[in-house]
Structures are given as C-alpha cells and as structure tokens.
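Enquirer: how does the following fold in three dimensions:
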Amino acid sequence: MTHDTDHALSVDELHEIERKFDPELAFRPTGPLIAGVISVALVAMSAYHFYASGFALVRELLHRGIHLSFVLGLVFLLFAWRRSLSTSLPGPAWYRISGVPVWDLVLAVLAVAASLYLPLLPPSVVSVRVGNPSGTDVFMGTALLVLTLEAARRSVGPTLPIIALIFVAFALFGPWAPGALKHGGVSWQGLINHLYMTNQGIYGIAIGVMAQYVFLFILFGVLATRIGLGQLFIDLAMVIAGRYAGGPAKVAIFSSAFMGTISGSSIANTVTTGALTIPAMKKVGYPAHFAGAVEATASTGGQITPPIMGAAAFIMVEYLEIPLRDVLAAALFPALLHYFGIFIMVHLEARKLGLRGLKAEELPKMGLVLRQHWLSVIPLIILVYMILSGRTPDFAAVYGIIACVVVGFLNPVNRLTIQDLWQALGDGARNTLAVGAAAATVGVVVGVVTLTGVGFRLGYVVVQTATDIGNTLGGLWPLSYFSVMQWALFVSLILIAASCIIMGAGIPTTATYIILVAVAAPALAQLQVEPIVAHFFVFYYGVLADITPPVALAAYAAAGIAGANPFKTGNTAFRLGIAKALVPFVFVYSPALLIVTDGFTWSAFTITLAGAMMGIGGLGVAFSGFFLSHMSKAERWWVAIVSLLFIAPGLKTMALGLVLWLPILIVQLRRRSTQAA
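Expert: Residues are numbered from 1 along each chain as shown. As a prediction, the model looks like this:
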C-alpha cells in the first residue's frame, strides 16, 4: 500500500491500514440488522465484565464460560471464514442474513451453547462427571474444541490452531512419538475430559485471566484514549523532544512510550502515534522506510511498558502467584532500556544525516497542552495508585474506568457523550475478541502439556542439546575458559530466544509466551534461573516478533502509513530493535535488573543498569555506523563484539569493555577533528 504521506492520513485510511495488517481487526461489514445485534452484544459484554468484576461474585467456571460465549459467538458474527470476504458487504443471497451466512449464525449459536453448557450445570454434577464424562459432555466438549480452533483461525490466523492440532495429535498418538517425547497416549474421551471438564484446558488460566483482568484493562485503554489521554501523550512528546536533532523520530519514541502505558497493542500504537510522527519524520529528511521502522519499533514497547502491558503480564501474575505490582516493577527498567536502545539509534541516524528538529512554530505550547488535557491523566493516576497500594488488578481497573467516564463527562475539551460511551464500550469489547479466541486455543496447548508432561520432556531435550553443544565448545581454546554449565545456559537461552521469535512471527505475543514458557521455565529451572527471570525472558523475545521479518506486522502497518516498502521497513525495524535484544540476556546473568528478584541489592542493580546501557549504546553505534563521525566496517565489528561483553555486566567486564573502546574513541576524535579542519 502506497500513499502520499507528506500529509496526515485520514481516519478512514488509518483504519484501512490497521485492518490490512492486523488480522485481529479484520471485521467483516454487516447489514443493519446484524450490526445492531453485534453492537448490543458488544456493549452487553463490556457491561457484564464491569459489573462482574466490580460488584458481583460470579463462580469462576461460570465467569469464564460467559466470557468465552461472548468471545466465540461474536467472532463467528464479526470474522468471515476467509479474510478476503471482509473487504465489502456482499450482495443479497438466500443463505445470508444481513451479510452473514446462515451457517455462521448457526456456529455462533452452537459456540455459545457449548461454552455455557458445562458452567451452567450445578457444581455437584460437574464434580461427579470429571473423569467419567457423559456422551453429551463429550459432544459439547468436541464442539467447543473445534469451534475454538476455527474462531482462532479466523481472528488471529492459521498458525496457532495448527500448533494446537499438533499438540492434540501428540496427546492421541503418544506411543508413536520419538525418543524422550514418547508417552502412553490418551483416548479421545480422556482428552475431552481434560480439556473441557477440568480447569486445565480451555477453561484454564489463559481464558480466566482474559475474563478477570485483561478485558477491563483493554476497556480502560480505549476509554482513556477517548477522553484525550492519548492526545496529551503525543503533545507532551512533541514539547519534550521535538526541537532536537531529528526531532520527530524522538517524538515517536516518547509518544509511543507514553501510549504504551495505556495500550498493550503494537499495531494500534503504531497507527495511533504514527499518523502524526511518520509524516513529520519524512518532512525533516528521514527516509520513508526508516520513519516507519522507528515508529514500529517504538510501538512494540507498549506490551512491556507498565501499567497496562499486554495480556501476558496478567497471566504471569497467575503463573508466578505474585502481585501485579511486582510484575510491573520488574518490567519497568527493561522497558526503559527498550526505548533507550531506539533513542540511541535514532539520534545517531539524525547526526549522520544532519537532520534538524522541529521549529518553534511547529511545536505545541506546554501551557496550552496542560490546560486542555490535564484532567485526562487523573484516571491513569488512580489506576497506578490502586495497583501500587496492593489492590487487585480488576478492582483498580474498575475504578480507573469509572474515573474515565466521570472525567469524560466533566472535561469540556473532550466531552464524552452517551453515544461516545456506547461506542467506546463496543470498541473495548471488540478489541478483546481475537486475543480471547487465542487464549482459549492456548488453553488446548496447555491442557495437553499438563496431561502428558511434554513441557518437562521438551525442557529436558533443550537442556540436553545445549549441554552437548556446551561440551563441544568447552573443548575448544579459548572457549574452554567457560564451564560446560555456562555454555549450556548460554546455548539454552539462544535456542529459547530463537523459538520465541520464530513462533511469535505467526501468533500473538500472549500465545507465544504461554506455549514457550511451558518449555522454557522447566529448562531454565534446571539451570538455576529464577522463575520470574525465565518468564520475562520468554515474554521479552515474544514481543520482538512484531518487528522481526518475515511477519513483522507492526513494521508492515508503519510501512503502510509511510508509503514505504514493507520488507525494507521490517528489516530496518529489526536493526533498530537488535540492540535491546541484549536486555533479556542481561537480566538472566544479572537478575537485579528486574528489581523484585531474590538477593536484590541497589549496588548490583546500578552496575547492571549502567552495563546494559553501555552494551546497548555500543550495539547502537555499531549498527548505525556512526559515533562522532562515520565508522569503517572494521570499527563497527570491533564495537559490536566489545558490546557483547556487557551481556553479563560487572565491574571487571565494564572496565575491560571501556578499555577496548578507547582505540575507537581515539580514532573517532582524530577523524572528527580532521573533518572539521
């Protein structure tokens, strides 16, 4: 898609880009009748979750079942069975009602029935049938399994359902699995019993977290943006960074960081802030592909930026059984290092190209910005305060939503009307459908893992493979300086990181995290890595997939706004993001960066943070090819290799790294003085 993007794109053009590159938003057009039904159902979904989390006490299984019934029923109404059918409203036909085929209406009804069948049974009946399901139970469980996989295929693409089917086949045909993966196998009735009748499968932690927490935080983000918080963030970013060299690119970083506090979606962040920053970057002289890459790379940080983050953060809370504030505290400095890495690259690129900042007349006035939008920050303050004070995440989100509505009705600048509120409630629910279908599908994978123990088996395979490679490398000089265990840990991290990036290229971050943490956590536990560190390692690399070709969706959306080549934009985004790929290795070797780990000390944290910044800065210099002046290939390679020393920050490695940096610094100073003369 190519546009004349020297001017801001229209709202319709931005929506079209978002639909094209984000499969989660590829809704089909419908006629008035079905559109009205969908609108009411979406608002009812938001109202139910708000009431259930804030004021009611709903049984866990029933709450998850109601959430799943809304998700699956609406997916079959909103997503066509083939993506190409989502572009325009089809003409009248006997088998379509208001643009929706009759069979999709039947599937929607069946999905609702299958989702609610078990939760509506008396708990005493369910407890008796677990382990010995009736024929009706098996039929309903089979229907829900098939419909969940189809809903995920429609809303997030085919990769995740295919992975789920592979795991189902593995459960059924275990006796024929190779090597350490071999197991006794399970019957279809036994599989459905585990996936449907227990809380270890479709109704497991993933869908539970979506129903209890994530839905409310997504709704909060939609409402906070609607009342003007997003505009406040963009204007503040302009005031803070716009005047400096390459100003619009730095504005993109700051605005994406601010937006990341209320939105966990990489593509939504890209489109929201990129509509302003990408044309501005091109105007001051950045190439189109670089402008798109900057915005995409910065926007991926939303999933790791407190306090909203992505759904994976809330699932981490359940897995690790720790407060949300601990997860947010652990995420804070890795997120800041993410943006620091991009900032270094952008600054060096601006210096290399000699780009200017924005002129004073192109910048908003701080006083005016604060006067117009200061009220919109109140809900975010309330949300953060409640989380830090120890309130549960759903309680904090409910009161944050209430604050958004109150501020929206009182704020004269972004006045919220009843119609706006209805639209926001519908948009919030609509934005949860794809991730809800993905969460239910991931439940299938997790169910097979718990049923067969394959997570520990795969973890064993990873560690054994890494140990074998470590034995080989440990026998070579000078690599023998490191022990076999050290090589085993390093190789395990490489294997897990590569798996995260490969899987993340085809499925959402949350699904990648849940699937791979089942393998990574046992593997890294065998290598004495703390659980929270293992979880964050997988989470961080899963996020990087949004800017990793060949399926870099955030980068492709940014390319659509920039009018640039999508693949070139994706490659550039990967280059911009490569420096921060050091960060997960840093907190594995020095967990103090995550703050809440065992044995934390401020001295260890300070050394780790300083070392990480040096390593990221060094890699930024190497990939930019510019420091004080342009660099030769030999200089870039030298700096890149030296920067890897900071994977394990410490006073010795930092001192060695700085000493090895000195020749480059001397050469650069001489070259700059020569050029100046």
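
Enquirer: CA only for contacts and neighbour counts going forward, please
Expert: Noted.

Enquirer: can you pull out the helices in the stretch 401-550 of the chain?
Expert: In the stretch 401-550 of the chain, the helices defined using DSSP state H, counting those that start in this stretch lie at 418-430, 433-452, 454-474, 484-504, 509-526, 531-544.

Enquirer: which of the ones you listed sits most buried?
Expert: helix 433-452 (a mean of 26; mean count of other Cα atoms under 10 Å).

Enquirer: report the contact partners of Leu61.
Expert: By Cα atoms under 8 Å, 6 or more residues apart in numbering, Leu61 lies in contact with 119, 199, 203.

Enquirer: export the helices of the stretch 401-550 of the chain to a markdown table and tack on distance to Pro101 and mean pLDDT?
Expert: Output for those, formatted as a markdown table (distance: least, Cα to Cα, whole Å; pLDDT from 0 to 100):
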| stretch | distance to Pro101 | mean pLDDT |
| --- | --- | --- |
| helix 418-430 | 20 | 93 |
| helix 433-452 | 20 | 91 |
| helix 454-474 | 40 | 83 |
| helix 484-504 | 32 | 83 |
| helix 509-526 | 30 | 82 |
| helix 531-544 | 36 | 87 |
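
Enquirer: of all the ones you listed, which one is nearest Thr136?
Expert: Closest approach to Thr136 among the helices of the stretch 401-550 of the chain is made by helix 433-452 (19.7 Å; Cα to Cα).

Enquirer: just the CA coordinates of the closest one, formatted as PDB?
Expert: This file holds the C-alpha atoms of helix 433-452, laid out as PDB (Å, rounded to 0.1, in the frame of the first residue of the first chain):
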ATOM      1  CA  LEU A 433     -12.200 -10.900  20.700                       C
ATOM      2  CA  ALA A 434      -9.100 -12.100  18.900                       C
ATOM      3  CA  VAL A 435      -7.000 -12.300  22.000                       C
ATOM      4  CA  GLY A 436      -9.800 -14.100  23.800                       C
ATOM      5  CA  ALA A 437     -10.000 -16.800  21.000                       C
ATOM      6  CA  ALA A 438      -6.200 -17.100  21.100                       C
ATOM      7  CA  ALA A 439      -6.300 -17.600  24.900                       C
ATOM      8  CA  ALA A 440      -8.900 -20.400  24.600                       C
ATOM      9  CA  THR A 441      -6.800 -22.100  21.900                       C
ATOM     10  CA  VAL A 442      -3.700 -21.800  24.000                       C
ATOM     11  CA  GLY A 443      -5.700 -23.500  26.700                       C
ATOM     12  CA  VAL A 444      -5.800 -26.500  24.500                       C
ATOM     13  CA  VAL A 445      -2.000 -26.500  24.200                       C
ATOM     14  CA  VAL A 446      -1.500 -26.000  27.900                       C
ATOM     15  CA  GLY A 447      -4.000 -28.800  28.600                       C
ATOM     16  CA  VAL A 448      -2.000 -31.200  26.500                       C
ATOM     17  CA  VAL A 449       1.200 -30.100  28.300                       C
ATOM     18  CA  THR A 450      -0.300 -30.800  31.700                       C
ATOM     19  CA  LEU A 451      -1.900 -34.100  30.600                       C
ATOM     20  CA  THR A 452       1.300 -35.500  29.000                       C
END
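
Enquirer: report all helices and strands that it contacts.
Expert: helix 60-78, helix 135-156, helix 159-172, helix 188-196, helix 205-209, helix 509-526 (3 or more Cα pairs under 8 Å, 6 or more residues apart in numbering; DSSP states H and E).

Enquirer: can you tell me what sits against stretch 356-365?
Expert: Stretch 356-365 is contacted from outside by 235, 238-239, 242-248, 284, 350, using Cα under 8 Å, 6+ apart.

Enquirer: nearest to Val369, out of the residues you listed: which one, please.
Expert: Using Cα to Cα, the contacts of stretch 356-365 come closest to Val369 at Asp235, 6.7 Å.
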